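In: Prediction below, plus the sequence it came from.
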Amino acid sequence: MTLQTELEQRLQALSPTELLIENESHGHGGYYPGKESHFKVVVVSSQFDGLRLVQRHQKVYGAVGDLIAPSRIHALAIHAYAPDEWTGAAPDSPDCAHQPKP
């Protein structure tokens, strides 16, 4: 099972109305085809209603647990929204300083 699939399965615990997972590993140093180390996650859930940003991130980290480890996921960009905050778009991730050069 891929890490992306594991992320998707575990984040179902948050009962998301929207869940977008993007493997951004290709934009980082040391990339090779099939590498899974950097992800961007957009989660929209009513479980985030009334929570501060840090509390939302804690819920996400609680759901993905041991996937965040040096040998698994190195970086996870989290965009967590309550349903009434979701506009249909999340911000782009910044370029990596170690991004492969063309």
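Out: Arrived safely.

In: Provide the contact partners of stretch 79-97 at residue level.
Out: Identification of contacts with stretch 79-97 by Cβ atoms under 8 Å, 6 or more residues apart in numbering yields 17-18, 20, 24, 27-29, 38, 40-46, 48-51, 53, 56-57, 59-60, 77. Where you see a C-beta, it was placed from the backbone N, CA and C, and this is true even at glycine.

In: For residue 80, give its distance to residue 4.
Out: As defined by Cβ to Cβ, to the nearest Å, residue 80 lies at a distance of 18 Å from residue 4.

In: More neighbours: those two, which one.
Out: Between residue 80 and residue 4, counting by other Cβ atoms under 10 Å, residue 80 is the more crowded of the two (23 against 16).

In: and that one, bridged to which residues?
Out: With DSSP bridges applied, the residues forming beta bridges to residue 80 are residue 43.

In: what helix or strand is the residue most central in space within the chain on?
Out: Central residue check for the chain by Cα atoms, centre = their mean: the C-alpha nearest the mean position is that of residue 41, 2.6 Å away. Mapping residue 41 onto the secondary structure by DSSP states H and E places it in strand 38-44.

In: Just checking, which helix or strand succeeds that strand along the chain?
Out: Later in the chain than strand 38-44, the nearest helix or strand by DSSP H and E is helix 53-64.

In: Just the C-alphas of that following helix, formatted as PDB.
Out: In PDB, the C-alpha atoms belonging to helix 53-64 read as follows (Å, rounded to 0.1, in the frame of the first residue of the first chain):
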ATOM      1  CA  LEU A  53      -5.400  26.000  13.700                       C
ATOM      2  CA  VAL A  54      -3.000  24.200  16.100                       C
ATOM      3  CA  GLN A  55      -5.900  22.100  17.400                       C
ATOM      4  CA  ARG A  56      -6.900  21.200  13.800                       C
ATOM      5  CA  HIS A  57      -3.300  20.200  13.100                       C
ATOM      6  CA  GLN A  58      -3.200  18.100  16.200                       C
ATOM      7  CA  LYS A  59      -6.300  16.200  15.000                       C
ATOM      8  CA  VAL A  60      -4.600  15.500  11.700                       C
ATOM      9  CA  TYR A  61      -1.400  14.400  13.300                       C
ATOM     10  CA  GLY A  62      -3.400  12.200  15.700                       C
ATOM     11  CA  ALA A  63      -5.000  10.500  12.700                       C
ATOM     12  CA  VAL A  64      -1.800   9.900  10.700                       C
END
